[in-house]
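**Q** predicted coordinates and the sequence they were generated for:
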Amino acid sequence: MVEEIAKLIDQLKTYGLDNAKLSALYQLAVEDFLEEVQTDLTEISDSDLTDIESSLKDITIDSLAEGNNDPFMTTLRKLYGAQAEPRFLKFLKEYFEDAVKQAQSAKELLEKYKANDPEVLKKLEEAKMNEDYDTMEAIIKSLNPGE
């Protein structure tokens, strides 16, 4: 499964995600996983919860490759034993598969926009009427300076 995740990461890189953006995506995946297993977290000690919180501060996409040395995985093993890694990797694989699908959709939409697809241009004009459009545009521009 690790190889499958590595391939998904490579796909995301082809869509322009650098290590910083991949690390941010990985961090979001970990946070979403923790939300999913929230009830299980009540069964671990305060010390282990603190370990999880501190491991999240320094988590990067490179920590995924560390496997057994990853502090996050070490803490999960205390909770799930031998099932920790397969459970998390299954979640992560699905998470990255979804990210690849979203990146593909965004790329296709951008290509249609560049080709002046009338349907896409109409949807863009409709989106500009949304009260959140300016905020979202500013966020996107801040994530992609110089573009």
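**A** Cool, got the structure. Numbers count the residues shown, from 1 in each chain.
**Q** pretty sure L49 is in contact with D40, am I right?
**A** No: at 11.5 Å, L49 and D40 do not qualify as touching, with contact defined as CB atoms under 8 Å. Quick note: C-beta positions are derived from backbone N, CA and C, even for glycine.
**Q** and after the helix or strand of the chain with the lowest mean pLDDT, which helix or strand comes next?
**A** Least confident helix or strand, the chain: helix 61-66 with a mean of 72, by mean pLDDT, DSSP states H and E. For helix 61-66, the following helix or strand on the C-terminal side (DSSP states H and E) is helix 71-80.
**Q** now that following helix: buried residues?
**A** Residues P71, F72, M73, T75, L76, L79 are the ones in helix 71-80 that count as buried (16 or more other CB atoms under 10 Å).
**Q** what is the neighbour count of M1?
**A** M1 has 12 neighbouring residues, counting by other CB atoms under 10 Å.
**Q** any stretches of the chain with poor pLDDT?
**A** Where the chain drops to pLDDT under 70, the residues are 65-69, 143-147.
**Q** same thing but 50
**A** Within the chain, not a single segment meets pLDDT under 50.
**Q** I'd like to know which elements the longest helix seen in the chain is packed against.
**A** Determined from DSSP state H, the single longest helix within the chain is helix 84-114. For helix 84-114, the elements it packs on are helix 2-14, helix 19-36, helix 71-80, helix 118-128, judged by 3 or more CB pairs under 8 Å, 6 or more residues apart in numbering; DSSP states H and E.
**Q** and the third one with helix 19-36, angle?
**A** Helix 71-80 runs at 20 degrees relative to helix 19-36, counting by axes from the mean of the first three to the mean of the last three CA atoms, to 10 degrees.
**Q** what's helix 71-80 in contact with?
**A** Contact with helix 71-80 is made by 30, 37, 40-41, 43-44, 48, 51-52, 54-56, 58-59, 63, 67-68, 84-85, 87-88, as judged by CB atoms under 8 Å, 6 or more residues apart in numbering.
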